[in-house]
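pasting the sequence and the predicted model now:
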Number of protein chains: 2
Amino acid sequence: MSNFPENFNFAGLSCGLKLSGKKDLGAILCKKRALTFAVFTQNSIAAAPVKISKERLKKNKYIRAILVNSGNANAATGIDGYNDAIEISKRFSELIGVSEDEVLLASTGIIGVRLDKEKIISKIPELVNNLKYNNHKDFIESIMTTDRFEKEYFETISSEEGDEIHIRAYAKGCGMICPNLATMLVFITTNINADEKILEEVFINCVNKSFNAISVDSDTSTNDSVFFMTDMLYPKNKIINRKDKLIIDFESALNRCCIKLANDMVRDGEGSTKVLEVKATGFASEEDAKKVASNIAKSTLVKCAFFGSDPNWGRIICAAGNTNLISEDSVSIKIFDTEVYNKKPINFDKTSLSKKISNSERVIIEIHNNVGNKDFTFYGCDLTFDYVKLNSEYST
Amino acid sequence: MSNFPENFNFAGLSCGLKLSGKKDLGAILCKKRALTFAVFTQNSIAAAPVKISKERLKKNKYIRAILVNSGNANAATGIDGYNDAIEISKRFSELIGVSEDEVLLASTGIIGVRLDKEKIISKIPELVNNLKYNNHKDFIESIMTTDRFEKEYFETISSEEGDEIHIRAYAKGCGMICPNLATMLVFITTNINADEKILEEVFINCVNKSFNAISVDSDTSTNDSVFFMTDMLYPKNKIINRKDKLIIDFESALNRCCIKLANDMVRDGEGSTKVLEVKATGFASEEDAKKVASNIAKSTLVKCAFFGSDPNWGRIICAAGNTNLISEDSVSIKIFDTEVYNKKPINFDKTSLSKKISNSERVIIEIHNNVGNKDFTFYGCDLTFDYVKLNSEYST
């Protein structure tokens, strides 16, 4: 209990949006104003809650609460859907006694269908009543859709003076994205006290190496949102030096947090049996390395090959070649520790490597380009019969 | 018989590259020099035959023959593979009595494995001996890999003076691409006599609306090649006016040819049960329309939805939104003739539309953006259990 940032309360309950009767309405409330950053979907069909949260954060970065629902994404619902969300958030902010601009929103679920706002509004008093430091289990249930397991992360680091900096984070996501079904939602709470610009940079760095470095099926949801809130309790003297040891340690911890949650999402990718960890190394820029790593991780042929435990380097080099950033005379490719290509094909024990892939839940693929010293790691998953099943049988 | 361009001879036989014993070596020979254009894969891992054909076409556009093999792509085989191809082409050019630079090459099959050049070289005399006007059945068999059916096109148009302009084309392709397996190879022969620049423009236009407007799984092969050859027989007076009625008619015919062959490839897409014809209309530029149409046709979620006969417009608008070129307040979406979205969701008979999709081998999806008058049609296919099966069980 003492390992959580102390000012954040959580709640979750069922308001009837999910026909299953499972929890579908959740909230996070900070007892004081929390400095908040967020990144949202780049999709131009952004959901109403995304639009509203964006607008509010533009005006004011000091936030008190986030209201979340699952079961309905409130996306592609036009001005009516926007007004529904405003009305819901108004009622919520009244009941917790904060101004409307201090509340953010998130939704996940079916798109293109009006939200039943009355179901939500009628349950807000009970939700507010339930807000407790320890009600995180209810909260995490309320944000899940097709997730097969809960995704959470806790870590505490200490300053030299003995201050405890806590990170407490919850996430949902799989399928990345299935617009009617799954969305990435991430809520990170902490108590670090640092300069706003420094913190924002740390947050964006960590997001880029994690949530922006994963793919299950190359689509981006209308509702994807990552929130970061800090009540700025410790250290008492705000960190203003970007090279301060504590902020360096915090960045490492936040990075572990984001990589862990992002990997949980990929591992939970619809129907997936294996995580593909693709490291592109030796590139001229991180951007180039990212393009190559993501092209490999997103290739349906590569994804199918690894589902079949096939160490098919031909598909890897071909997917990489589609970026026009590599040439066959410069690259080498490893699957786990086995070099399979080095400027030309290499003889390797295919049967034994295939067996190793078959027995692994995570396959490490490395492509080295010998033209620089920049690296990027991108995370994907295999493409399976169950993915097709889940995504073709849904909805009708 | 008289409906083919008269100077082109074809041959095909088995030289033993395919373990099945099926035909795997083919050739096209023109009795005179043919003006030749080609487009090749953009993948930086281009196969040896692609490199050689590119180099030769840069020096000389008047070509006599193309030698093709299936069963081995001769890709990612380094300088050795390049030298193999040169040696093979040298032997072939000697036997048909033309200079090396008048011969182009194409290959399809497994990548990263040295070609058994002796198998090919020992069969070249027999192949050359078999070159006949009417041996196209042998030729088409020799270029097939996992193709489920033969892909060919014939059309004859007449000039006002009674000249007959023939188009005779053969293609292979499915899976677009499966680097170890399937590649797009297209061979178009004709007898039109027109200015080189005009013909090249006509050819590129047709390729862009067909072979560059299809996707089975968004990958591009190391070996993709489209060849266009004309012996320039008719009309006797070379067409030099871009607006000449005959060249306009020819462009229409060549367009039908390319669209037909491209659609055959998509229809033959690995494991596919339906072609998705995605029309993006009302855009500011053709480029924008293409981005939106291709994003929809390539979305694995859209592909899965249509495999399940699910008229899931949410996935369509979401895939379109990922381009940032549309907004939910401007677009309308039709599936066949049923409007499912028009600036907001529309009530429609989902059961009956789903039934219609289920009964169709081709689904027409139209997204209209109300911001201009430019259109583009992109062709894709559904994503099925069989696709995953074919691509995960292959090779090991």
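Received, thanks. Numbering: from 1, shown residues only, chains lettered A, B, ... in the order given.

just the strands in the stretch 251-396 of chain A please.
Under the criterion DSSP state E, counting those that start in this stretch, strands of the stretch 251-396 of chain A are mapped to A:275-283, A:332-335, A:338-342, A:362-368, A:374-381.

mind putting those into TSV with mean pLDDT and mean neighbour count?
No exception for glycine: its C-beta is placed from N, CA and C like everyone else's. Formatted as TSV, those follow (pLDDT from 0 to 100; neighbours: other C-beta atoms under 10 Å in any protein chain shown):
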stretch	mean pLDDT	mean neighbour count
strand A:275-283	95	23
strand A:332-335	97	20
strand A:338-342	95	17
strand A:362-368	96	20
strand A:374-381	92	23
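
out of those strands, flag the one nearest residue A:32.
Shortest distance between residue A:32 and those, using C-beta to C-beta, is found for strand A:374-381: 35.5 Å.

what's the neighbour count on residue A:60?
The number of residues packed near residue A:60 is 12, by other C-beta atoms under 10 Å in any protein chain shown.

which SS state does the nearest residue to it once chain neighbours are set aside fall under?
Once flanking residues are discounted, residue A:60 sits nearest to residue A:101: 5.1 Å by C-beta to C-beta, 6 or more residues apart in numbering or on different chains. On the three-state scheme (DSSP: H, G, I helix; E, B strand; the rest coil), residue A:101 is labelled helix.

OK, contacts around residue A:101?
Neighbouring residues of residue A:101 by C-beta atoms under 8 Å, 6 or more residues apart in numbering or on different chains: A:56, A:59-60.

go through those residues and say which is closest to residue A:95.
Among the contacts of residue A:101, and counting by C-beta to C-beta, the member closest to residue A:95 is residue A:56, at 17.7 Å.

for the residue nearest to the closest one when sequence neighbours are not counted, give its distance to residue A:79.
Excluding the flanking residues, the one nearest residue A:56 by C-beta to C-beta, 6+ apart is residue A:101, at 5.1 Å. Note on residue A:101: its distance to residue A:79, by C-beta to C-beta, to the nearest Å, is 20 Å.

residue A:264 touches residue A:170, doesn't it?
No - counting by C-beta atoms under 8 Å, residue A:264 stays clear of residue A:170, with 10.8 Å between them.

what touches both of those two?
Listed as contacting both residue A:264 and residue A:170 by C-beta under 8 Å, 6+ apart are residue A:151.

where does the stretch 251-396 of chain A dip in pLDDT?
Filtered on pLDDT under 70, the stretch 251-396 of chain A yields the residue ranges A:270, A:390-391, A:393-396.

beta partners of residue A:106?
residue A:68 (DSSP bridges).

report how many residues lie close to it.
By other C-beta under 10 Å, 31 other residues sit near residue A:106.

report the contact partners of it.
By C-beta under 8 Å, 6+ apart, the neighbours of residue A:106 are A:49-50, A:53, A:66-69, A:143, A:185, A:223, A:225, A:227.

try it again with 10 Å
A:26, A:28, A:38, A:40, A:47, A:49-50, A:52-53, A:66-70, A:73-74, A:143, A:172, A:183, A:185-187, A:223-227 (C-beta atoms under 10 Å, 6 or more residues apart in numbering or on different chains).
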